[in-house]
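>>> Quick one, what's the 3D model for this:
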Amino acid sequence: MSMFKIFDTAASGLTAQSTRLNLIASNMANADAVSSSIGETYRARQPVFKAMLDQLNPNSASTGVQMMGVVESDAPLVSEYRPEHPLANEEGYIFRPNVNMVEEMANMISASRAYQSNVEVMNSAKQLLVATLRIGQ
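Residues are numbered from 1 along each chain as shown. I've put the predicted structure just below:
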């Protein structure tokens, strides 16, 4: 693996964690949204990633991560009997998203730390590269 491949790998990790953080922020922002039907209610979203392999050497270790898509949670939505609410359906129910704030906070901490780790990898690789160039002086 070349020295510059390290930067590509860490950059793909930064992109993945940034995307993950954006989805977590979206989930948290919509946690209190209310709807009158199940079909219109916001559902928690999670990213799906896959490891990328080196195109020239498919038997090598993975060289990064790629986002494959976003999946919506299949956890049940929260229905609440509130007949006085303006968005209540004909039975008097409103529907809230299936966003678990504790789970989202844990995911946010995990994604933030993974992002920080990728930044540290890039900084360490840069320092090693600079130190290697200084050997010849």
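
>>> State which helix of this structure is the longest.
Identified as the longest helix of the chain according to DSSP state H is helix 101-135.

>>> Can you list the helices and strands that it packs against?
On a contact count with 3 or more CB pairs under 8 Å, 6 or more residues apart in numbering; DSSP states H and E, helix 101-135 meets helix 3-29. Where you see a C-beta, it was placed from the backbone N, CA and C, and this is true even at glycine.

>>> what comes up buried for the longest strand anywhere in the chain?
When the chain is parsed with DSSP state E, its longest strand is strand 62-72. Across strand 62-72, burial judged by 16 or more other CB atoms under 10 Å covers 63-65.

>>> Over to stretch 116-130?
118, 121-122, 125.

>>> before we move on, back to that, run the angle between the longest helix of the chain and strand 62-72 for me.
Interaxial angle, helix 101-135 versus strand 62-72 (axes from the mean of the first three to the mean of the last three CA atoms, to 10 degrees): 160 degrees.
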